[in-house]
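>>> what's the 3D shape of this:
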Amino acid sequence: MTTKKRIENQISREKKETAFIPFIVAGDPDKEKSIEIALEVIEGGADILEIGIPYSDPAADGPTIQKGYKRALQNNFKVKDTFDIIREIRKETDIPIVVMTYYNLIYQYGVSDFYRKLNEIGANGVITPDMPPEESSKALEAAENNQIKQIYLVSENTPENRINLISQKTDGFLYAVSRLGVTGARNQLPETAIKFIKRLKKQTEHPIAIGFGISRPSHVESAVKAGADGVICGSAIVKHVEENKTSEIKKYIQKMKKATLLEIKQN
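The predicted model follows:
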């Protein structure tokens, strides 16, 4: 199986099953423990694993994930440590791995070197919330050269013509922001998010993965019923780490994954 095809095998418009995509912070609470958490998440039923590289100014992330990044950075965590973690995870599983990072970290590391390294360690995609497609030609070229999928985000406020532009650039899936603002758990999936999923399904041929605020099985069921091809959950998992409840993460993942099977995805 080639690196490029791993994500496509797990999330697609054609698959009846919606992919569950958990997010963890690399190095939270420490390097070794985050590897253990990643493997627990995978055993719990993850279809794709998203790993956040700790950053000091994560503008798109809410307080829970910000604190997770801070815990890792307090241990002098570096970008290269994320690569070590992914390398160890890859020894145990063939699951697609997507990195979430901010462009400044990629730039500091060296754009070409960053994507080359991702390919080398077996990562499959990159989500960069602060990198607009108009300013990402170098990153897109490096991603293509190294069989890494560059994934972009759209929100309910993104103009239709811009969604079309982003849809032309994104690879693997389109990340739909379920509400305005930053990541974080909420009581219910907004009706506007459900309508947004349905609108995107008509506007693009890419698989749609919805994230930001997904924390309960009921959120997952609503997203699946609306037609989401993937559901991303992050803050609720990182909260388990913050509260020293890592032993409960696998059971939580199992509940969330089960919820993807309780509704029939609308295409």
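>>> Strands of the stretch 151-267 of the chain, residue ranges please.
153-154, 174-177, 208-211, 230-233 (DSSP state E, counting those that start in this stretch).
>>> ok, the second one: who's next to it in the sheet?
By that I understand strand 174-177. The strands beside strand 174-177 in its sheet (DSSP bridges) come out as strand 153-154 (parallel), strand 208-211 (parallel).
>>> ok, back up a step: how about the strands of the stretch 151-267 of the chain in JSON lines, adding mean pLDDT and distance to Val98?
Where C-beta positions appear, they are placed from N, C-alpha and C, glycine not excepted. Conversion of those to JSON lines gives the following (pLDDT from 0 to 100; distance: least, Cβ to Cβ, whole Å):
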{"stretch": "strand 153-154", "mean pLDDT": "96", "distance to Val98": "12"}
{"stretch": "strand 174-177", "mean pLDDT": "96", "distance to Val98": "10"}
{"stretch": "strand 208-211", "mean pLDDT": "96", "distance to Val98": "10"}
{"stretch": "strand 230-233", "mean pLDDT": "97", "distance to Val98": "9"}
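>>> returning to what we had before: most packed of the strands paired with strand 174-177?
Across the strands paired with strand 174-177, the average number of neighbours (mean count of other Cβ atoms under 10 Å) peaks for strand 208-211, which reaches a mean of 28.
>>> Out of the strands paired with strand 174-177, the one nearest Val41 is which?
strand 208-211 (15.2 Å; Cβ to Cβ).
>>> For that closest one, output the C-alpha coordinates as CSV.
The C-alpha trace of strand 208-211 is given here as CSV (Å, rounded to 0.1, in the frame of the first residue of the first chain):
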residue,chain,number,x,y,z
ILE,A,208,-16.0,15.9,4.4
ALA,A,209,-14.5,15.5,7.9
ILE,A,210,-16.1,17.6,10.6
GLY,A,211,-14.3,18.8,13.7
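>>> neighbours of Ala32, just the number please.
Small correction: residue 32 is Glu, not Ala. For Glu32, the neighbour count with other Cβ atoms under 10 Å is 11.
>>> Residues in contact with the helix or strand hosting it: which ones?
Glu32 belongs to helix 31-44 when assigned by DSSP states H and E. Contacts to helix 31-44, defined as Cβ atoms under 8 Å, 6 or more residues apart in numbering, come from residues 22, 24-28, 49, 51, 72, 75, 77, 81, 84-85, 88-89, 92-93, 95, 237, 241, 246, 249-254, 257.
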